[in-house]
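Undergrad: Coordinates only, no sequence provided:
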């Protein structure tokens, strides 16, 4: 846990806020230990830091009321989706009010003719797709976890489909945001493009709740493809699998998903998800979307490239239930990795590099893990140059943890040195503040200036995303 | 011309800046009337306002030096590409230093394996593609004019290919920017996606030089399609043509270009570009990119939809020279419109609406133009829901100009009322400040806060993009 650099809010200010929330929200404002504990951390490291109160608003106006209250009392505000963050985003480092968006769970409008919809921030991605079921449309961004759309927007999430459909950056058309002083604003619009003023939508997407609370999201949707097919291909070694990916990307094959599991991750998935018929070898999972002819053409090209690199014959998953099973096992890769060593915890790294450096970055990393004797499977959205090392360690051992942290840090720095980023999709949160500076240098000063301008009291998810954002004014008279 | 709300810089401060620039840049700092006149306006209305000096830097460091000088002296800085703005972006409302980027014209690196390149801001889009000629790659964004990449990034430009490849928002990976206090920063990176901190790249893309000067741009590139074909289809009336577009977009046909010319615009193009074999009817121009089979499939689907809506048989342009001729005539549509009435000038509107509202917006607009008896052809990137009305007026007639301005304003408001934007790709500049407020309401306050935080002295292209950005501090002690 980082040492707080911001003073805790005054205890009487917090008590007054809790009192007001209890009066206004009744049992939608909770202060019990269990619920505060549940909201003090995500799925990553147990860097829990408890909020003082958890409140469950249902509307923009309720969120704005909570934020105005906190603004007046200078009490921190932390927005909470479903708690799947891996980077400590929701830890209430300085206490304060956790805004749980789970009761903001309505799909507000679906515009089938325009391929867009508007949802409240607490709607999950599976819920979006369930509600779109009869429209012929779908929302493609799929980070694996059934995250909330607000959380996905806040961390600029992506996942398995991003190689074809882009990330939240490309697929959020507009937002409703409650600002740090409790105003409700709308950013963006429903037009496909606009040159009207600063791109506030893209500023809030990825801001991790440090500039305001996202309460509604206008999403871009896509027509369900006429045809879908999926295939599995196994390789004798990691380099061959990675070279296959690089080759496919450079040829511009519009594959919808191209996922890598290294031999250790494949073993974990075989054991955890009972995947029969596969070997513990480096493996690529593909999915193709398009017309019948288009999917056939893509798959043939992809199989030819794989064969050139020593890949096995494709094992096809043509039935929807086979595909579901395949992708479910991929989505459970993180839990499968944890199951390799019960009792251990994990750092999940998130390096993303230009595709030409993917083999270097991945193979150097794998070699280092083996040299260090660390149990650490690798899984990746390799079409984007993005991969995760799940570094397992014993939380009871300070030495193991320090070693795991050090390895994770080196993975970030290696990606940055190769022109890439320390985080392709998980965000900065609490754990990658130093890596952000290594990656962006003096540009971090501009981020700090923006944070201070839009949240001068430093109440919005303080201590996250932008290192050193606190300014003296926040704790003195203003 | 709007009344300046910012005080002119002190004459002695300007004189001192000019003296220093003359000393440091020699004949790369120019104060002659002709060159100042040339840099005081774009291609839009002749709202010229002359800078005091035009300087031609060649490097990031030189730009930073100029900006530091202006920052110390509180003298405005206006970046200039090739002067194709239609919204008064480069008018030096408060005088100051025009930074002409035409000598920043080097392609710095091309990473063929990663499908990206880095160019200086003054490189034009045609130059990028000329330098990529032997790589099998291309840069698709094509606003018609041979604009500079820095200018295109600053206005969030798009154009004919955006329906398939996106806009500058999606195709700029990173930037080098000189901040308002003269620091050189890098935003973004070369990874395809990143969740590392605030999205500064997207903040500067579209900021129209009001937050800093873009000096280098990292661009996303694409493999040249295996096959390309283009076709022309004519319709008995405008509604049929628009309905064809709406239908195609809703079916998700991945057409690369889908351009509309109304009957009047088609007549203008036939006359100006000597297009034989076409009638003065509402017309769609298509281009298809993909594999041989994919292009055939798209074209067949598109022709079937067009026929359902009363479209003519497709006239094909399969040879590259035929396609060039076709797109050149499309690119010259603005000049063709001006040639309809020699001596007149034009307001080009830039409405962009959700595709389901395109027919309403376009037909209501056409009916209003006819009712008002205004000569005003319509041309559009209709796949994005974006269209331009070129409202012609006699600059010598205050009444004609006022009427044209009023019509343009109503087009913006109509688009906004339909959930769209007043500008799909031209930007706000000087002419759409009021429309920005109508479109974004209270969100404009946040833009103002950001402007004041990143440019507290209000020296970066003052008076543009964000209305009321000036704060008292800028002209008093600080």
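TA: Received the coordinates, thanks. All values reported here derive from a predicted model rather than from experimental measurement.
Undergrad: So what does the residue nearest to residue A:202 when sequence neighbours are not counted look like in phi/psi?
TA: Leaving aside its sequence neighbours, residue A:202 sits nearest to residue B:202 (CB to CB, 6 or more residues apart in numbering or on different chains; 3.5 Å). Glycine gets a C-beta too; all of them are placed from N, C-alpha and C. The phi and psi values for residue B:202, taken as degrees, to the nearest 10, are phi -70, psi -20.
Undergrad: same deal with the one 10 residues further on?
TA: In this entry, residue B:212 is assigned phi and psi values of phi 170, psi 170 (degrees, to the nearest 10).
Undergrad: and the gap between it and residue B:457?
TA: Using CB to CB, to the nearest Å, one obtains 13 Å as the distance from residue B:212 to residue B:457.
Undergrad: and what of residue A:201?
TA: Using CB to CB, residue A:201 is found at 28 Å from residue B:457.
Undergrad: swap in residue A:426?
TA: 38 Å.
Undergrad: Also residue A:227?
TA: 58 Å.
Undergrad: So if I had to pick from these two, which one is more boxed in?
TA: Shown here are residue A:227 and residue B:457; by other CB atoms under 10 Å in any protein chain shown, residue B:457 has more neighbours (21 against 14).
Undergrad: My guess is residue A:400 contacts residue A:407. True?
TA: No: the criterion here is CB atoms under 8 Å, and residue A:400 misses it with residue A:407 at 10.7 Å.
Undergrad: Compare neighbour counts for the two and give me the winner.
TA: More crowded of residue A:400 and residue A:407, by other CB under 10 Å: residue A:407, with 21 against 17.
Undergrad: Where does pLDDT dip in chain A?
TA: For chain A, residues meeting the criterion pLDDT under 70 lie at A:1-8, A:45-46, A:471-478.
Undergrad: helices and strands around the lengthiest helix in it, which ones?
TA: Ranked by number of residues, the top helix in chain A under DSSP state H is helix A:398-417. Where contact means 3 or more CB pairs under 8 Å, 6 or more residues apart in numbering or on different chains; DSSP states H and E, helix A:398-417 is packed against strand A:345-348, helix A:358-372, strand A:386-393, helix A:433-440.
Undergrad: Dump these to CSV, plus mean neighbour count and distance to chain B.
TA: Listed next are those as CSV, based on neighbours: other CB atoms under 10 Å in any protein chain shown; distance: least, CB to the nearest CB, whole Å:
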stretch, mean neighbour count, distance to chain B
strand A:345-348, 22, 13
helix A:358-372, 17, 10
strand A:386-393, 26, 7
helix A:433-440, 21, 5
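Undergrad: Quickly list the domain ranges of chain A.
TA: Per automatic domain parsing, the domain ranges recorded for chain A read A:11-102, A:107-223, A:227-334, A:341-436.
Undergrad: any idea which of those is most buried?
TA: domain A:107-223 (a mean of 23; mean count of other CB atoms under 10 Å in any protein chain shown).
Undergrad: ok, the nearest residue to residue A:411 once chain neighbours are set aside - contacts?
TA: Of all residues not flanking residue A:411 in the chain, residue A:349 sits nearest, at 4.3 Å (CB to CB, 6+ apart). Each residue near residue A:349 by CB atoms under 8 Å, 6 or more residues apart in numbering or on different chains is listed here: A:388, A:389, A:391, A:408, A:411, A:412.
Undergrad: Quickly name whichever of the residues you listed is closest to residue A:92.
TA: Of all the contacts of residue A:349, residue A:408 has the smallest distance to residue A:92: 23.3 Å, by CB to CB.
Undergrad: just the helices in the stretch 51-200 of chain A please.
TA: A:60-73, A:125-131, A:149-154, A:162-165, A:168-171, A:200-204 (DSSP state H, counting those that start in this stretch).
Undergrad: Can you give the strand pairings for the next helix or strand after the last one, parallel or anti for each?
TA: Yep, that's helix A:200-204 we're talking about. With elements assigned by DSSP states H and E, the helix or strand that comes after helix A:200-204 is strand A:212-220. Each strand that pairs with strand A:212-220, with its direction, by DSSP bridges: strand A:116-120 (antiparallel), strand A:172-179 (antiparallel).
Undergrad: Hey, what's the angle from strand A:212-220 to helix A:60-73? Just curious.
TA: 150 degrees (axes from the mean of the first three to the mean of the last three CA atoms, to 10 degrees).
Undergrad: Please state the offset of strand A:212-220 from the chain centre?
TA: 15 Å (CA atoms, centre = their mean, to the nearest Å).
Undergrad: Same check on stretch A:15-30?
TA: On the basis of CA atoms, centre = their mean, stretch A:15-30 sits 31 Å off its chain's mean C-alpha point.
Undergrad: what do you get for stretch A:354-363?
TA: 22 Å.
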